[in-house]
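S.K.: Make a model of this:
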Amino acid sequence: YYTGAASRFNTSSLFATVTPTAGTLTATGTQTLASGNNFFWIAYDVSSTATEGDLLDATCESVTVGGTSYPLASPNNTVA
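M.R.: You can find the predicted model right below:
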């Protein structure tokens, strides 16, 4: 997971890493939020032996700040 205040994806701000499994994953990290929009990206490290045509799918549905969980306005917002 990567994060930042700019809408352009970059890998300079690693937020957290998780071990892939089926079901719900929780990424825990620390990030100072900027005023206005903040962005979180999910990136995959796909095995070189992965089968072509298989599906990878993920959404970031909420963030927790100061112990309070906030749903995201567009959890399925994707950019190809």
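S.K.: what packs against the helix or strand bottoming out on mean pLDDT in the chain?
M.R.: Across the helices and strands of the chain, mean pLDDT, DSSP states H and E gives its lowest value to strand 2-4, namely a mean of 73. Applying 3 or more C-beta pairs under 8 Å, 6 or more residues apart in numbering; DSSP states H and E, we find strand 2-4 packed against strand 39-41. All C-beta atoms are positioned from the backbone trio N, CA, C, and that covers glycine.
S.K.: Now do the strand it packs on: which elements does it pack against?
M.R.: Secondary-structure packing of strand 39-41 (3+ C-beta pairs under 8 Å, 6+ apart): strand 2-4.
S.K.: Please state the offset of the strand it packs on from the chain centre?
M.R.: 8 Å (C-alpha atoms, centre = their mean, to the nearest Å).
S.K.: repeat for stretch 20-39
M.R.: Its chain's C-alpha centre and that of stretch 20-39 lie 6 Å apart, by C-alpha atoms, centre = their mean.
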